[in-house]
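Asks: Here is the input, now give the coordinates:
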Amino acid sequence: MEFERLEQAHEPVAQRKTHFREFITPLSQQEAKQQAARCMDCGTPFCTFSCPLHNVAPEFNDLVYNEDWEKAYLVLSSTNNFPEFTSRVCPALCENGCIMNYTQRAMGVKSIERAIITNAWNQGWVKPEPPKEHKDKSVAVVGSGPSGLACAQQLARMGYAVTVFEKNKRPGGLLRYGIPDFKLDKSLIDRRIAQMENEGVQFRCSIGIKDHPHGIWNDSERAIDASELLRDFSAVVLAVGSETPRDLQVKGRDLKGIHFALEYLPVQNKHNASETFDEDISAKDRKVLIIGGGDTGSDCLGTAIRQGAEKVLQIDLGPRPPESYDKSMVWPNWPNVLRTSTSQEEGGERDYAISTKEFLSDDEGRVRGVKAVRLEWLKDPVTGRRTFKEIPDSEFEIESDLVLLAMGFLHPSSPVMDAFGVQTDMRGNAQAAYEGEDAFRTNVPKVFATGDCRRGQSLVVRALAEGRRCAEAVDKFLSGEQN
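Replies: Numbers count the residues shown, from 1 in each chain. Below is the predicted model of the structure:
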């Protein structure tokens, strides 16, 4: 009641647009203590309920307030393998569930989390935790994104021999190649990989599953058969993410200059890491159109601005969200409200309720723009379902010589699922339960699925939670008891 919410400091827009480094400064210890003083230590902590990892924020807030930083780190790391990742790229579902958020501004849980883990690394408290006893069973984890890493680390600490297979040159999956460096410095991944290696995890990179299509998002140098993994390991965990992008099959789709977001974003990250790539895609001096209004589209926008785009426009099929909402009707759930990302603060324009009808070509077979139409969104008074219709005579053209499709992802790579013989649901995701005796188990004996390839595209924090729970399910399967 005595202190206002304190935000982390951001580098000025004009300065941060000139580089790809992180630009947010974590709270100092004194600032974090003041922020932690705002926590009411609620009897029913909706922040913990709202967090997929169920981080016990009231406990580590109180420890920070009492300046017991090492214990605060132990509490935080008891539920979260990689707080430095979530404290950078998580939308902070916990803060939306904060009871203070009902009447005023929420606790800065995310900023305190970052201050705790930053201090823990600086003090040398983050160390390898190898198992005291080693089991005689092995687990293959296919995919080294957040879910695969969390699952692998938990299993290694239980004593299993864990090998992580990654189709790209370096581990990290979406964390390394999909999220821009200015949001997540890749050295943070490297030091966690080093920690995991010291815990016994082996990483085998540049190895893909046979028949997985090669390309910018898959630069494997060799492929292995699923049968080889099934033969050599006691269990196999599929953590391959949801990387089949939603396409826009309208006239002109085959023109040059139209790319999926996950063709565009990894190129810049590989540039920054001095890695090789098949095709260079840059927004420098180009008129960029981003189709898709979510986080991936925002990442494309921030990247395009830094590359020196002449103009950037981000459009969304959906209507413009409201700028405010009635908390009594929504809290503690995640609200549909207009948000402005740090990338959107840096420039570019946004527009809503627009449908793309056709890609327009120049004389050389390159995209020069799109033909679009404005939409009217309607809500059925009985079912509440929303539909849209085109507004008559509202067609217009958008000039663009680089179009980035950031409309979300449909399901994991079908060839990978097919290679293992894993049944998929109606959306194309690996069919496996989240709870119960068969949690995370697929139809194939000893094959498990976790993260976005099981639940569909989602958040890093949910992928971590799935990876941890999947590790528990694998342990129960292999040991016959719950560890």
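Asks: Who are the packing partners of the host helix or strand of Leu313?
Replies: For Leu313, the element it lies in under DSSP states H and E is strand 311-315. Judged by 3 or more Cβ pairs under 8 Å, 6 or more residues apart in numbering; DSSP states H and E, strand 311-315 is in contact with strand 287-291, helix 295-307, strand 349-351. All C-beta atoms are positioned from the backbone trio N, CA, C, and that covers glycine.
Asks: out of these, nearest to Lys371?
Replies: strand 287-291 (11.9 Å; Cβ to Cβ).
Asks: Which residues does that closest one contact?
Replies: Contacts with strand 287-291, where a contact means Cβ atoms under 8 Å, 6 or more residues apart in numbering, come from 248, 297, 300-301, 304, 309-315, 356, 369-370, 398-407.
Asks: repeat that with 7 Å
Replies: The contact list for strand 287-291, computed with Cβ atoms under 7 Å, 6 or more residues apart in numbering, reads 248, 297, 300-301, 304, 309-315, 356, 370, 398-407.
Asks: same question, stretch 56-65
Replies: 32-33, 36-37, 39, 41-42, 45, 47-48, 71-72, 75-76, 79, 94, 109, 112, 116.
Asks: try it again with 8 Å
Replies: Against stretch 56-65 from outside (Cβ under 8 Å, 6+ apart): 32-33, 36-37, 39, 41-42, 45, 47-48, 51, 69, 71-72, 75-76, 78-79, 94, 107, 109, 112-113, 115-116.
Asks: Give me the buried subset of the residues you listed.
Replies: 32-33, 36, 39, 45, 47-48, 51, 69, 72, 75-76, 79, 94, 107, 109, 112-113, 115-116 (16 or more other Cβ atoms under 10 Å).
Asks: Could you turn the buried ones of the contacts of strand 287-291 into a PyMOL selection?
Replies: Entered in PyMOL, the line below selects the buried ones among the contacts of strand 287-291, by 16+ other Cβ under 10 Å:
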select buried, resi 248+297+300+301+304+309+311+312+313+314+315+356+370+398+400+401+402+403+404+405+406+407
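Asks: what pLDDT does the spatially closest residue to Val447 that is not a sequence neighbour get?
Replies: Counting by Cβ to Cβ, 6 or more residues apart in numbering, the nearest residue to Val447 once its immediate chain neighbours are dropped is Val236, at 4.9 Å. Looking at Val236, its pLDDT reads 98.
Asks: for Gly215, same thing?
Replies: 62.
Asks: do the same with the one 4 residues further on
Replies: On the pLDDT scale, Asp219 is placed at 83.
Asks: Gly365 now?
Replies: Confidence at Gly365, expressed as pLDDT, is 96.
Asks: what does the one 4 residues further on give?
Replies: The model reports Gly369 with a pLDDT of 97.
Asks: Gly294 too?
Replies: pLDDT, read off for Gly294, is 94.
Asks: any idea how far it lies from Arg350?
Replies: 12 Å (Cβ to Cβ, to the nearest Å).
Asks: pull the CA atoms of the lengthiest strand in the chain into CSV?
Replies: Taking DSSP state E as the criterion, the chain has its longest strand at strand 367-379. Extracted in CSV, the C-alpha atoms of strand 367-379 (Å, rounded to 0.1, in the frame of the first residue of the first chain):
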residue,chain,number,x,y,z
VAL,A,367,5.6,-9.6,-54.6
ARG,A,368,4.8,-5.8,-54.8
GLY,A,369,1.9,-5.7,-52.5
VAL,A,370,-1.4,-7.4,-51.5
LYS,A,371,-5.0,-6.8,-52.2
ALA,A,372,-7.0,-6.7,-49.0
VAL,A,373,-10.5,-6.1,-47.7
ARG,A,374,-11.8,-4.8,-44.4
LEU,A,375,-14.0,-7.0,-42.2
GLU,A,376,-16.9,-6.5,-39.9
TRP,A,377,-16.9,-8.8,-36.9
LEU,A,378,-20.3,-10.0,-35.5
LYS,A,379,-21.2,-11.9,-32.4
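Asks: List the buried residues in it.
Replies: Going by 16+ other Cβ under 10 Å, strand 367-379 has these buried residues: Val367, Arg368, Gly369, Val370, Lys371, Ala372, Val373, Arg374, Leu375.
Asks: What is the helix ranked longest in the chain packed up against?
Replies: The longest helix of the chain (DSSP state H) is helix 460-479. Using 3+ Cβ pairs under 8 Å, 6+ apart, the elements in contact with helix 460-479 are helix 83-89, helix 146-158, strand 235-238, strand 447-449, helix 452-455.
Asks: now these as a markdown table including mean neighbour count and distance to Arg204?
Replies: Below are the helices and strands packed on helix 460-479 laid out as a markdown table (neighbours: other Cβ atoms under 10 Å; distance: least, Cβ to Cβ, whole Å):
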| stretch | mean neighbour count | distance to Arg204 |
| --- | --- | --- |
| helix 83-89 | 24 | 22 |
| helix 146-158 | 28 | 12 |
| strand 235-238 | 28 | 14 |
| strand 447-449 | 27 | 18 |
| helix 452-455 | 28 | 19 |
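Asks: mind giving me JSON lines with the ones you listed and columns for distance to Glu59?
Replies: JSON lines is the format used below for these (distance: least, Cβ to Cβ, whole Å):
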{"stretch": "helix 83-89", "distance to Glu59": "14"}
{"stretch": "helix 146-158", "distance to Glu59": "21"}
{"stretch": "strand 235-238", "distance to Glu59": "30"}
{"stretch": "strand 447-449", "distance to Glu59": "31"}
{"stretch": "helix 452-455", "distance to Glu59": "28"}
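Asks: so what's the nearest residue to Phe260 once chain neighbours are set aside bridging to?
Replies: Once flanking residues are discounted, Phe260 sits nearest to Pro245: 4.5 Å by Cβ to Cβ, 6+ apart. Pro245 has these beta-bridge partners by DSSP bridges: Phe409.
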